[in-house]
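**Student:** Below is the sequence, then the predicted model.
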Amino acid sequence: MSTGLSPQAPSGAPPRPSTRRVRALVDRVDRRFLPVVGTLVTLVVMLGVGQQRYSTARSDFLSMRLLSNLLLDNSYLLVLAVGMTFVVLAGGIDLSVGAVVALVGLVTAKLFTAGAPLPVVLVLGVLIGTCCGLLIGVMVQVFDIQPFIASLAVMFLARGLANVVSTNSLKIDDDGFSALASWSLKFGEGRETWRINASMLIAVGVLLLAVYVLHYTRFGRTVYGLGAGDRGAAVELMGLRPARTRIGVYVISGTCAGLAGILFALYTKSGFNLTGIGMELDAIAAVVIGGTLLSGGVGFVLGTGAGVLVYGLIQVLIAREDLDSWWTRVFIGAVLLAFVVLQKVIAGRRR
Amino acid sequence: GGGDAAGSETAAGGGGDTITVGFSQLGAESGWRTANTESVKSALTAANGIDLKFVDAQQKQENQIKALRDFITQDVDVIAFSPVIETGWDEVLQEIKDSGIPVVLVDRTVDTSVQDPYATWIGADFEQEGKTAGEWVAKNAPDAKVFELQGTLGSGAQVDREKGFDGVVGQQVVGKASGNFTRAEGKTAVEAALQTYPETNLIFTHNDDMGLGAVEAIEAAGKVPGKDVQIVSVDGVRDGLQALVDGKFNYVVECNPVFGDQLATLVKDVAAGKEVPKETIVQDQAFDQTTTQADVDARKY
Amino acid sequence: MNASARGTNPATLFQRVSQHGLLWPVLALVVLLLACGLKSPGFLDVATRDGNLYGQLIDLLRNSATPLLLALGMCLVIATGGIDLSVGAVMAISLAVSLTHLASVPDPSAPGAVATAVVLGLVLGVVIGAFNGFMVTALGIQPFIATMILMVAGRGIAMLITKGQITTVTSPPFKSIGSGFVLGVPVPVVIAGAVFVLVALAVRRTALGMFLEAVGTNREASRLAGVGARSTTWVVYVLAGLLAALAGIVYGAPTMAADANNIGLLKELDAIMVVVLGGTRLDGGRFHLGGLVVGALLLSTLERAVIVFELPSQTTPLFKALVLIAVCVAASPALRSRWRSRPPRTRRPVATEVAA
Amino acid sequence: MSDTTNTRAPGDPAAPPPDAVVRMTGITITFPGVKALDGVDLVLRRGEVHALMGENGAGKSTLIKALTGVHRIDHGGIAVEGREVRFSGPSQAQAAGISTVYQEVNLCANLTVAENVMLGHEVRRGPFIDWPATRRAARGFLQRLNLDVDVRSQLSSHSIAVQQLCAIARALVVDAKVLVLDEPTSSLDRAEVAELFRVVRRLRDEGVAILFVSHFLEQVYDLSDRMTVLRNGRFVGEFVTTDLPRRELVGHMIGRSGAALAGIEEQAKRSITPHSPRETPLMTALGVGRDGAVEPFDLSLYPGEIVGLAGLLGSGRSELARLLVGADRPDRGELSLDERPVRLPTPLAALRRHLAMSSEDRKKEGIIGDLTVRENIALALQAGRGPWRRIPRRELDEIVQKYVVVLNINPPNPNALIRNLSGGNQQKVLLARWLATAPRLLVLDEPTRGIDIGAKTEIQRLVADLAADGMSIVFISSELEEVLRLSQRVVVMRDRRKVAEITNDASVTTDTVLEAIANSEVRAS
Ligand SMILES: Nc1ncnc2c1ncn2[C@@H]1O[C@H](COP(=O)(O)OP(=O)(O)OP(=O)(O)O)[C@@H](O)[C@H]1O
Ligand SMILES: Nc1ncnc2c1ncn2[C@@H]1O[C@H](COP(=O)(O)OP(=O)(O)OP(=O)(O)O)[C@@H](O)[C@H]1O
Ligand SMILES: [Mg+2]
Ligand SMILES: [Mg+2]
């Protein structure tokens, strides 16, 4: 009903003559950016479709509130996915992150119960992630265990430890922590209120830092080099230090998982041993949607940012669809499928 | 644009008394839950004057929080949800409260520092179920060596049923293992338990499915379920009651999922701003081996 | 078999054994079994009752059947440089289809109905495998993502089939697929054994194994050498789907309940773990089928040991992690070469000091 | 053992020359089952070009990798500028001023040219990499080799030759005392080689010590001041280049007398018998082309004829060849086999019709590293038969044994993993793979790349013999002499276009071909 008033989404098929111009434009973009462009286009299309479909008389679908919620609800995922991007770019994978999130949450809660001060808890929480990452890195680098298995082992380890810490959900009611969780800048009035909170700032900060590290430091370039395959042989023969870098990416991913654990704890103000089951797949999906190849060496961390938003938006759309549980799963699978195929078509057209 | 929202409000609310309800179900992890969902969906219908927005959380708290936020954004009249876990709802409950939407908790409570976080609660009492089972054991098998077949560790039903049961006959429990609420894993766990704790002659299982797996394991070990090894279970799904009739189960504490109608009434009252009781406990029965085939056939789930 | 022929020299025999990829998993398995035997005296006993074998060891064998079936398919997929995350969901789907069919026929115990049910389940497994293969080969989507799609959606499909209920039926013939005996041996063990031999023959007695390894090591070179990289890859995904479907039926048959949510949950990780414990690297190429048996046994023994040692269930992942890390680290080439080359390196300076 | 001036005999602990930058003494390296190096000495002096000579598998690359810390040394020592060192990896060697280009191109295909050239040496401004400046610098280094490519393009979009040049440019980025070049010229054509030599000479004049490996004797004699010869992992001697006649050098390398060698060279110079085309061509291409790869071309291939493809780097020879054997699908035109139209959608389809191609990129498109020599040889033959009919063990053993002997594959162990063979021997195994399929048409894309002089003549003779037996052969080589020596007809390519077809006879020289290329340039512009 609000069609006429909603901003026109560029989803409809463009008229014939301009097809060629679009194609020419696409051709001019550096091929490596195409998947990211694809992700951004999808994002816009999805927002457009959402606006068409879900705007009601009471409220528009597209709003600052939606966007801020999107970031707010996915800040931990963004941090996880950024860490994952490092690992994936280097040709690895980290399956442990979901379990680490659970472990960090529980340990954080336990530490607060034991009366540890806020800064100590935060630092320790992140460090747990760092240690898990380091463990994976050492296994991968020193003992030549494949990333999938090394991180699988750490996933079991972290999940097991979390189960040992507690099988009940633990509440966090530290004042400082609560204050941090509830701090936010509010904008707008009434229903239109949207907010910026600490988690969002941290997540965006991590994303920007990652852009810097990956694109403007030698470490970052070496990460890409590691992804060239052959288990980093090329990078090694080129006189760089693959060992350091490889351990480094897992440490980064672990640290991000630790940080995400804290963010998740801020989000739920509790720790629980069953959190984060399958969260690693969410992170990986976001990375892939963001145009990074799982085989390594190709992709952009900013794409991951877009990927997280798309993934979050998928969930919002599903929530608006009143689906049964099973349809929800099928729908996520279908959207993922459509996305991967679309990406393939866009990126692979010129091969 | 959103500018016209206020203007067309009356148009949308043309039905006048249609209540928009956002309901976030925990998941579809068990037959019990699906029955519960069915019941809710069939009660909260347009015919009943309710526009239901149903979101399945896939057993993930983060999904549920997202859904709740989205309900606020959609500006529903009442929010109802079955929380995945007790903790961690402070922020979003505060937000809901700030936006003035009443909350109905279903099935489980929350542990929050928010003042007056919800209007009412409706659900079963897991701890009571454990207690009922424990009391039956204390009365009928005071010397039994009990093996406790736990549900998914950390889930509300597991934690509370264990708490209730152990509170009564904890000293009789010789061993515990988790069967993740599933038949196959319940079977594996009991298989091992029968050899590790050969003295076991009673199994308390946190749901019927695992109990049915246990029956398999007991039979495979050459013993007779219900006699050599007694089984006390919770849930009361049809297969469980059938086992009771067949003499394989000894006692089943019901956990009734069919309370959609009650929920519908509550939601309407809450939306109308009526005074409602702070909590509504769904009445659970308990069944012993006197149950008849007719009872089983009457079972809807 | 040729170890005995060549291993006349004890030194080389020792070397061959110590260099063998399966040394550590086998050692871990033996240690675990012995430890369980010590803790629970009857653990290693095998009894016969009505001519059928019973006992913890038999349980272990039976429980190893599912992971072995899954790992067989997984191993071949991994050999081509892929991975199949959907096998757990396939288990759920095939069981759901089989049981839903059985529930719909008037006489679920009729052999015809059971056969149809099983075939239906297996066919669906093949269809899903073909879909995975299509995504990976024809569309060129990375295996991890391609199969993750069905890992997510598959369980939903299974629930669609069962309408979200736990479908149960009573059908003794179907049940016996999981809990019956053939000549005293549990049916799952017979099935897994037969399938193992079949696959091993199909792969090693033909050139298929070499093609898989070639494709997994260097896809483009294999293509140029005329190997049908696509068709080969496709075949293994189909096989993995088929075996996963079979595993689902074998796993779910004893309880005859299609629990779409939980059957096969996280089993893909178990299967991958078995493949790795069996000494196959995840990055494609060389694979070792024999190791799968050891890996599957090790996995089920480990799960059983946690209960035998009266440890809380929640610690199972912890022990899985420890065993996985220990075996992988012990078998890692880095450590092996260090052991091989350390003696001359570290001892020489000491010797000169003594001499001086 | 030789009558030439031997500046240092094996085992002679001569005093280190005063200007020695690198001194390796008694280097021994053992791989499981192979002693790759056994007490090898090497001295590199400031301001000299030092050639490291030896057959395929002699241990040249291994010695280089020992120097740069890729392989651990079992015995022996390395001194750089008089100080004992033991590098634990290439990064340390690089830090010590040793810059290396390895035999196989080892760059990151997923990165751009500029990133590859500058990786680890990016220009920085503050904490940031200054990308424009980095790209400028990369362009500068590439221009020193006279290579003008878009530095923002992805490395993988360039041919092996360009990649090789990038690797060399990369070695120039480091301000090195020692520059190691392991077969840098194997995929370059003469213009590039000349550029490279110009740069190398300038560096030498600046005082850099250069270690150079090549199987092209002319290049070695052209460039080097001194050479060290290895044979079977052992040190044979160090010689002053001008004092060592070619024939004796080769004698040292292959351990045979000069007379035996003369025979080899004689054979290599055999005259081309002009081919009298039979009526029916084996294969005909009519207007076959592929967008972005090769312009449509016509070509007929006759049984028993060797057709050479000549052209400069990136002229599209490989791309053309790939269209003939189903490696790539043509976008237009028609191929016919035995005068009947034929579609070759896959290499397998070509293989079934006995059309085979040995690709130029042996690492990416040739060897299956984790498989054994036996399996690598068997692969194509088996693929033709399909997976179910396995080649009987006995038959396979015979085939493998035959080629191990004929091609002198070393080590002659069919169970060795091919990844552990030296580059040249890998090439021989690949040749064996294609020969085993009994092809009617064999496309050889740089088959002698990285092959030692002895084996090269063997291969050339083999190719000639195969043609004489009726096989049709397309021969691609960057070495124009080789093309002219072997082929009855030479197809000249330029800018992805077939520009000329020359019937080879005594009057045709390299100049004729170069002229054909140059003329086409005139026509083009
Ligand atoms: N990693 C390895 N494992 C086992 N054997 C190896 C390994 N690397 C090299 N070799 C063996 O060492 C010997 C020397 O090889 P190397 O690569 O140094 O030869 P090369 O002189 O460079 O030959 P080419 O001219 O063909 O490049 C060969 O016999 C080869 O098979
Ligand atoms: N995969 C590819 N993608 C895009 N362009 C390519 C690709 N491979 C080669 N090219 C380009 O195609 C052109 C022809 O390359 P080709 O390899 O056929 O040349 P060539 O004559 O064999 O030369 P050489 O092998 O000596 O480099 C070159 O300019 C090369 O950069
Ligand atoms: Mg070499
Ligand atoms: Mg070429």
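**Tutor:** Good, I have the coordinates. Ligands and ions are numbered 1, 2, ... in the order given.
**Student:** Going by C-alpha atoms from here, please, whenever you check contacts or count neighbours.
**Tutor:** Fine.
**Student:** how many other residues sit next to the residue of the stretch 101-250 of chain A found nearest chain B?
**Tutor:** Here the residue of the stretch 101-250 of chain A nearest chain B is A:Thr167; by Cα to the nearest Cα that distance is 4.5 Å. A count of nearby residues for A:Thr167, using other Cα atoms under 10 Å in any protein chain shown, gives 20.
**Student:** close enough to count as contact, it and A:Gly271?
**Tutor:** No. Here A:Thr167 lies out of contact with A:Gly271, judged by Cα atoms under 8 Å, at a distance of 9.8 Å.
**Student:** Output the set of residues of chain D in proximity to chain A.
**Tutor:** Along chain D, the residues adjacent to chain A under the rule Cα under 8 Å from any Cα of the partner chain are D:70, D:89-94, D:102, D:106-111, D:119-120, D:122, D:127-130.
**Student:** what about D:Ser156, is that helix, strand or coil?
**Tutor:** Three-state assignment for D:Ser156 (DSSP: H, G, I helix; E, B strand; the rest coil): helix.
**Student:** so how far is D:Val307 from it?
**Tutor:** 29 Å (Cα to Cα, to the nearest Å).
**Student:** Compare those two and say which is more crowded by neighbours.
**Tutor:** With neighbours defined as other Cα under 10 Å, D:Ser156 and D:Val307 compare such that D:Val307 has more, 27 against 16.
**Student:** The more buried one looks like it's in a strand, true?
**Tutor:** Yes. D:Val307: assigned to a strand according to three-state DSSP.
**Student:** Quick check: it vs chain B, distance?
**Tutor:** 67 Å (Cα to the nearest Cα, to the nearest Å).
**Student:** Who does that residue form a beta bridge with?
**Tutor:** D:Val307 has these beta-bridge partners by DSSP bridges: D:Val474, D:Arg489.
**Student:** Enumerate every residue touching it.
**Tutor:** For D:Val307, the contacting residues are D:Leu301, D:Ile473, D:Val474, D:Phe475, D:Ser487, D:Gln488, D:Arg489, D:Val490, D:Val491, by Cα atoms under 8 Å, 6 or more residues apart in numbering or on different chains.
**Student:** Flag the shaky bits of the chain, pLDDT-wise.
**Tutor:** Since no chain was named, I'll use chain A. Scanning chain A for pLDDT under 70 picks out A:1-31, A:58, A:190-191, A:346-351.
**Student:** wait, chain D
**Tutor:** Looking along chain D with the criterion set at pLDDT under 70, you get D:1-18, D:256-279, D:521-525.
**Student:** what does it put close to ligand 1?
**Tutor:** D:31, D:34, D:36, D:55-62, D:411, D:420-425 (Cα under 6 Å from any ligand atom).
**Student:** Narrow these to those that are buried.
**Tutor:** Among the residues of chain D next to ligand 1, those classed as buried by neighbour count (16 or more other Cα atoms under 10 Å in any protein chain shown) are D:36, D:55-62, D:411, D:420-425.
**Student:** Just the closest of those residues to C:Leu302, please.
**Tutor:** Nearest to C:Leu302 among those: D:Asn420, at 38.4 Å, using Cα to Cα.
**Student:** Any residues of chain A in contact with chain D? List them.
**Tutor:** A:212, A:215-218, A:221-222, A:224-225, A:227-228, A:233-241, A:297-298.
**Student:** Include neighbour count when you put the contacts of D:Val307 into JSON lines, please.
**Tutor:** Putting the contacts of D:Val307 into JSON lines (neighbours: other Cα atoms under 10 Å in any protein chain shown) gives the following:
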{"residue": "D:Leu301", "neighbour count": "21"}
{"residue": "D:Ile473", "neighbour count": "28"}
{"residue": "D:Val474", "neighbour count": "25"}
{"residue": "D:Phe475", "neighbour count": "24"}
{"residue": "D:Ser487", "neighbour count": "28"}
{"residue": "D:Gln488", "neighbour count": "21"}
{"residue": "D:Arg489", "neighbour count": "22"}
{"residue": "D:Val490", "neighbour count": "25"}
{"residue": "D:Val491", "neighbour count": "21"}
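**Student:** Using JSON lines, lay out the residues you listed together with distance to D:Gly207.
**Tutor:** Output for the contacts of D:Val307, formatted as JSON lines (distance: Cα to Cα, whole Å):
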{"residue": "D:Leu301", "distance to D:Gly207": "51"}
{"residue": "D:Ile473", "distance to D:Gly207": "46"}
{"residue": "D:Val474", "distance to D:Gly207": "44"}
{"residue": "D:Phe475", "distance to D:Gly207": "40"}
{"residue": "D:Ser487", "distance to D:Gly207": "43"}
{"residue": "D:Gln488", "distance to D:Gly207": "46"}
{"residue": "D:Arg489", "distance to D:Gly207": "46"}
{"residue": "D:Val490", "distance to D:Gly207": "43"}
{"residue": "D:Val491", "distance to D:Gly207": "43"}
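**Student:** So the residue in the stretch 51-200 of chain D positioned nearest to chain B: helix, strand or coil?
**Tutor:** Residue nearest to chain B within the stretch 51-200 of chain D: D:Asn110 (36.8 Å; Cα to the nearest Cα). When classified by three-state DSSP, D:Asn110 comes out as coil.
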